[in-house]
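Participant: here is a sequence together with a model predicted from it:
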Amino acid sequence: MSQPAACFRHDLVRSRQLVCAAWLAALVDGARVPEAPRPGWRLLEVGCDGAGDYMQAHVPGALRLDTNAIEGPPLWNKVADDTLLGVLWALGIRHDTTVILYGRNNLAAARAAHLLLYAGVTDVRLLDGGFAAWQAAGLRIETGPPPPCLPVADFGAPFPGRPDYLIGLPQARALLASADGALVSIRSEAEFLGKVSGYHYIAARGDIPGARWGRAGADGDVNSMSAYHDEAGRMKPAADIAAFWGPAGVVPGQRNAFYCGTGWRASLAFFYAWLMDWPDICVYDGGWLEWSRAVACEAA
């Protein structure tokens, strides 16, 4: 019991929502754990494509969620609400289902975590460090297809439960013009300064005028969030994150809309701010991809 209990961090208001590999392993093995979820909890491995990797090795009992089911082209925004609701039903997820997420790229899991919170799922948890943390701990793995999953017929609450957690282009423009809000760019320094676009499918370089730089990770790697993580890929202390957010004008006493290129890095920044219990946060879903295309169309 002592090892899983030690996983919970004292620097996070929502400490139980960031779980460690030891706690998850004990839960999967049927042991008694602190902050145990209600019966019927779901464990999801989240990724984009990559079904073969899942088949070769995954956390025992994990279902699989492909991000292509929850976001789509051309802007890689959230799918329509009725489509998202159908995905949750098929996975057996209601508003009161505990959902524990991890990924080989934990940004994919964060993307799903944000949309689950938007949907109104009240107990969403993320494995700190993702599947890499599980593997590093030498924990038991499972192979083959996902286990059977009993779908549900209703969400059990109004859907979406937290529409304020996501904004589109008009709201992003309004927030940028307001005195009590900020668009927060979760992109590398080279992206923010316009040296690179960061994506092979985004031609435009630059960033949203007036946005505040919330940092991300290494230049040239849109999957890096090294500013937020220790060497093992786990979340840095909340105070460390607040220490670089604050001087950039990213503070809890305002509405903060996080964005990146298309949503993954922004979702992780959102989730960490949510763990800290920041009161007024959201993700600008379209990010630089949508903004740059809209500006180009208006200039044509």
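Facilitator: Structure received.

Participant: name the helix or strand for Ala232, please.
Facilitator: Taking DSSP states H and E as the definition, Ala232 sits outside all helices and strands.

Participant: and the residue lying closest to Leu115 once chain neighbours are set aside, how far is that from Ala112?
Facilitator: Using Cβ to Cβ, 6 or more residues apart in numbering and skipping residues adjacent in sequence, the residue nearest Leu115 is Ile70, 5.5 Å away. Bear in mind the C-beta positions are built from the backbone N, C-alpha and C, glycine included. Per Cβ to Cβ, to the nearest Å, Ile70 is found 6 Å from Ala112.

Participant: check Val99 too.
Facilitator: Distance from Val99 to Ala112, by Cβ to Cβ: 8 Å.

Participant: name the residues contacting each of those two.
Facilitator: Leu44 (Cβ atoms under 8 Å, 6 or more residues apart in numbering).

Participant: need the helices for the stretch 151-300 of the chain, in chain order.
Facilitator: 169-177, 189-192, 238-245, 264-275, 287-299 (DSSP state H, counting those that start in this stretch).

Participant: list the contacts for the residue nearest the centre of the chain?
Facilitator: The centroid of the chain falls nearest to Ala110 when counting by Cα atoms, centre = their mean (1.8 Å). With contacts defined as Cβ under 8 Å, 6+ apart, Ala110 is in contact with 101, 103, 126, 264, 267-268, 270-271.

Participant: redo that, cut-off 10 Å
Facilitator: 46, 101, 103, 126, 130, 225, 263-272 (Cβ atoms under 10 Å, 6 or more residues apart in numbering).

Participant: distance between stretch 86-102 and the chain's centre?
Facilitator: 15 Å (Cα atoms, centre = their mean, to the nearest Å).

Participant: same question, stretch 191-204
Facilitator: Using Cα atoms, centre = their mean, the offset of stretch 191-204 from its chain centre is 21 Å.

Participant: put the alpha carbons of it into PDB.
Facilitator: Only the C-alpha atoms of stretch 191-204 are listed here, as PDB (Å, rounded to 0.1, in the frame of the first residue of the first chain):
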ATOM      1  CA  GLU A 191       7.600  28.000 -33.800                       C
ATOM      2  CA  PHE A 192       6.600  30.900 -31.600                       C
ATOM      3  CA  LEU A 193       9.300  33.200 -33.200                       C
ATOM      4  CA  GLY A 194       8.200  32.100 -36.700                       C
ATOM      5  CA  LYS A 195      11.400  30.300 -37.600                       C
ATOM      6  CA  VAL A 196       9.600  27.100 -38.500                       C
ATOM      7  CA  SER A 197       5.900  26.100 -38.800                       C
ATOM      8  CA  GLY A 198       6.600  22.900 -36.800                       C
ATOM      9  CA  TYR A 199       4.400  20.700 -39.000                       C
ATOM     10  CA  HIS A 200       4.900  19.300 -42.500                       C
ATOM     11  CA  TYR A 201       1.200  20.000 -43.200                       C
ATOM     12  CA  ILE A 202       1.300  23.600 -42.000                       C
ATOM     13  CA  ALA A 203       3.000  25.900 -44.500                       C
ATOM     14  CA  ALA A 204       2.700  29.200 -42.500                       C
END
